[in-house]
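A.B. asks: here's my sequence, what's the structure:
(2 chains)
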Amino acid sequence: MSAIATSGQRDTAPARRGGPAGFGRLMLAEWTKIRSVRSTVWTLLLFVIITVGLTALLSWLSVSHWTGPRAPARDATIVADPVGFIFGAGIGLGQLTIAVLGVLLIATEYSTGVIRASLLAVPRRWPMLAAKIVVFTIIVLVLAEIVAFACFFIGSAILHSRVVVSLSDSGVLRSTIGAGLYLTVLGILSLAIGALIRHTAAAISTAIGVVFVLPILSGLLPGSWGAHINAYLPEQAGILITHTHEVSGDLLSPWQGFGVLCIWAVLLLAAATYLLDRRDA
Amino acid sequence: MIEARELTKRFGNTVAVDHLSFTVLPGRVTGFLGPNGAGKSTTMRMIVGLDHANSGTATINGKPYAQLVNPLRVVGALLEAKSVHSGRSARNHLLFLAQTQGLPASRVDEMLELVGLRDVAGKRAGGFSLGMSQRLGVAAALLGDPQVLLLDEPVNGLDPEGVLWIRNLMKHLASQGKTVLVSSHLMNEMAVTADHLIVIGRGRLLADAATDEVIARGSGQSVRVRTPDPDRLTRLIQAEGGSVAVSTAAAGTAAAGTGAAGTGAAGSVTTAAGDGRPPDSGEAPVLTVTGLPAPRIGELAASASIVLHELTPQLATLEDAFLELTADSLEFGHFGSEPPAAVTDGSPR
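C.D. replies: The predicted structure follows:
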């Protein structure tokens, strides 16, 4: 009891300091949440290793098997769009870790019950989600751009003996920056999926389904409407921004495709924000 | 001050909280009592805005929780379920909460010290025992030095030392003029902790009064007497204005001092007989006397040279009062001829 009694005299002091809860405070709190859990740190590390590692590995394999008789078609695609090849290799798998991280960030709050503490602290609710998205966006954008440029330089250096490509070539800089943008918005979209579904495993499955499975399924649809559906899926549309130039048959330009991805993310976020407010936590 | 006005919450077809109105005043510990499923947790979750009420309002110092600017500086809540990421350390859990309220990190360390978790502050909360988790929950609730505290079943699963710690903490906070609302289904715990009681059953208000009053209202006091000569003593007592109910003994196992085992004396003398106890012819019959104090009964017996085997004042307990209040509202229905005390683990603390 003595401990309680002594604190009773002191503990009025901190409560008098400071003004109302500003958005900066909420961002600081979300940053603390992210950095203080191992799974988020590991997922980011995995993202870097997988993306950069796979890019280097696949580039090296392509170059070392360049003259192989079974690979001329593949070699031709690399020559046609070396940047698209570089990003296709690592990001194809690396994007999975970003999607998982986005889901984890909010879904684990529900699975562990932290959401109750979070919402007690921020009872208007949406500022908490907004702060989480802003902090996540900053972290992923910075890391994804670094990784994108690292992939480009590593990939182009390895391919150099067969194909020469530089950042000043047409569309290359846009593709590289776009790769980071694509990963970031995909992460935000996954976070929205996590906020909507609230169960970690179900939300991760859904996010993977959206990124990997939907394009395959829609690819099976017959006729031009199947192609249209396919083109407007988040992953299919968004990845266009990593291509240096449009290919005949593309229904969307790179920036249009990225815009479609952004619209998906905004719609899901709007739904998530609405439900966050309406549902019991 | 906490005010609930006509709070109502439905889950599908079930009405969990039914037009519940009450006021919790500062400066005392208010017990929030009800059987499991009575709607205690739901009510507390509605007060702090985690659940949305279907109708009615709950306010804290006149404002809905969602409109509080730095809510943790006004209200501290310890809710029943865990709300800590198992992979996050106790310090980081408190730190992010402090940051949302603009509280300095030093406040986190103060709280860890207060609840005795300083040595494990950097450890993952997933490895904490139930008692440590409760302490962390208390630290989170007290973080912003709030004027209002809501504690949902805070002593659940705690060892006796922890129970005492929480009990003293609540009393201390109330003595500082804070508003303390603590829910429990343990009547004995509330009897020694709460100054005031709000009793609910099936989401409805059953009682809102001082703890003493709730106990007194429940049943009159009685005296349990065993004697080999019940007829003569009965006549003497009745001549003095007392009333007597006779039942065959055997229920000598009752924790007589606390009455916690449900002597059935509650209310009227006639309930004592045939209250479901197995008959036992070998023992002296039990007289349940109301209307006369134990010393007077002893004097009467002595004056007539009647041998007494037992003379025990029966205090009506909060448990008796509670069971009487909630008898019709238990989620799981009635218990036939069982004595009502079987509903709880009447072990006295």
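
A.B. asks: low pLDDT regions in chain B?
C.D. replies: Low-confidence segments of chain B, defined by pLDDT under 70: B:81, B:217-221, B:248-283, B:315-319, B:328-349.

A.B. asks: got the domain ranges for it?
C.D. replies: Split into domains by automatic domain parsing, chain B comes to B:2-213, B:220-315.

A.B. asks: out of those, which is the most enclosed?
C.D. replies: Ranked by average neighbour count under the criterion mean count of other Cβ atoms under 10 Å in any protein chain shown, these are headed by domain B:2-213 at a mean of 20. From N, CA and C alone the C-beta is placed, and that goes for glycine too.

A.B. asks: for A:L181, find the nearest of the domains of chain B.
C.D. replies: Closest approach to A:L181 among these (Cβ to Cβ): domain B:2-213, 28.6 Å.

A.B. asks: quick one: end-to-end distance for that closest one.
C.D. replies: Using Cα to Cα, to the nearest Å, the end-to-end distance of domain B:2-213 comes to 21 Å.

A.B. asks: from the contact counts, what lies against whatever helix or strand A:I49 lives in?
C.D. replies: According to DSSP states H and E, A:I49 maps onto helix A:38-64. Judged by 3 or more Cβ pairs under 8 Å, 6 or more residues apart in numbering or on different chains; DSSP states H and E, the packing partners of helix A:38-64 are helix A:72-80, helix A:82-112, helix A:126-159.

A.B. asks: and the longest one, average pLDDT?
C.D. replies: Helix A:126-159 shows a mean pLDDT of 96.

A.B. asks: by contact count, what packs against it?
C.D. replies: In this structure, helix A:126-159 makes packing contacts with helix A:23-35, helix A:38-64, helix A:82-112, helix A:114-121, helix A:172-197, helix A:254-278, judged by 3+ Cβ pairs under 8 Å, 6+ apart.

A.B. asks: need those helices in CSV (columns: distance to A:S248).
C.D. replies: Below are the helices and strands packed on helix A:126-159 laid out as CSV (distance: least, Cβ to Cβ, whole Å):
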stretch, distance to A:S248
helix A:23-35, 43
helix A:38-64, 24
helix A:82-112, 15
helix A:114-121, 48
helix A:172-197, 18
helix A:254-278, 15
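
A.B. asks: A:A157: which of the ones you listed is closest?
C.D. replies: Using Cβ to Cβ, the nearest of the helices and strands packed on helix A:126-159 to A:A157 is helix A:38-64, at 8.5 Å.

A.B. asks: tell me what angle the closest one forms with helix A:72-80.
C.D. replies: 110 degrees (axes from the mean of the first three to the mean of the last three Cα atoms, to 10 degrees).

A.B. asks: can you tell me which residues contact A:A117?
C.D. replies: Residues counted as contacts of A:A117 (Cβ atoms under 8 Å, 6 or more residues apart in numbering or on different chains) are B:S83, B:V84, B:H93, B:L97, B:A140.

A.B. asks: A:G94 too?
C.D. replies: Applying Cβ under 8 Å, 6+ apart to A:G94 gives the contacts A:F47, A:I50, A:T51, A:L54, A:V147, A:L183.

A.B. asks: in those, find the pair that's most separated.
C.D. replies: The span of the contacts of A:G94, defined through Cβ to Cβ, is set by A:L54 and A:L183 at 13.9 Å.

A.B. asks: out of these two, which sits in the busier spot?
C.D. replies: Ranked by neighbour count (other Cβ atoms under 10 Å in any protein chain shown), A:L54 and A:L183 place A:L183 first, with 28 against 17.

A.B. asks: grab the nearest non-local neighbour of that one.
C.D. replies: The spatially closest residue to A:L183, leaving aside those adjacent along the chain, is A:A144, at 4.0 Å (Cβ to Cβ, 6 or more residues apart in numbering or on different chains).

A.B. asks: does the one you found touch A:V185 like I think?
C.D. replies: No: counting by Cβ atoms under 8 Å, A:A144 does not reach A:V185; the two are 9.9 Å apart.

A.B. asks: neighbour count: those two, which is higher?
C.D. replies: Neighbours were tallied for A:A144 and for A:V185 using other Cβ under 10 Å; the higher tally belongs to A:A144 (27 against 24).

A.B. asks: need the three-state assignment for B:T57.
C.D. replies: When classified by DSSP: H, G, I helix; E, B strand; the rest coil, B:T57 comes out as strand.

A.B. asks: list the contacts of it.
C.D. replies: Contact analysis of B:T57 by Cβ under 8 Å, 6+ apart lists B:E3, B:A4, B:R5, B:E6, B:L7, B:P64.

A.B. asks: repeat that with 7 Å
C.D. replies: Residues counted as contacts of B:T57 (Cβ atoms under 7 Å, 6 or more residues apart in numbering or on different chains) are B:R5, B:P64.

A.B. asks: who does it bridge with?
C.D. replies: Going by DSSP bridges, B:T57 is paired in beta bridges with B:R5.

A.B. asks: mind listing the helices for the stretch 151-300 of chain B?
C.D. replies: B:160-175, B:187-193, B:211-218, B:230-239, B:294-303 (DSSP state H, counting those that start in this stretch).

A.B. asks: many thanks, I have nothing further to ask.
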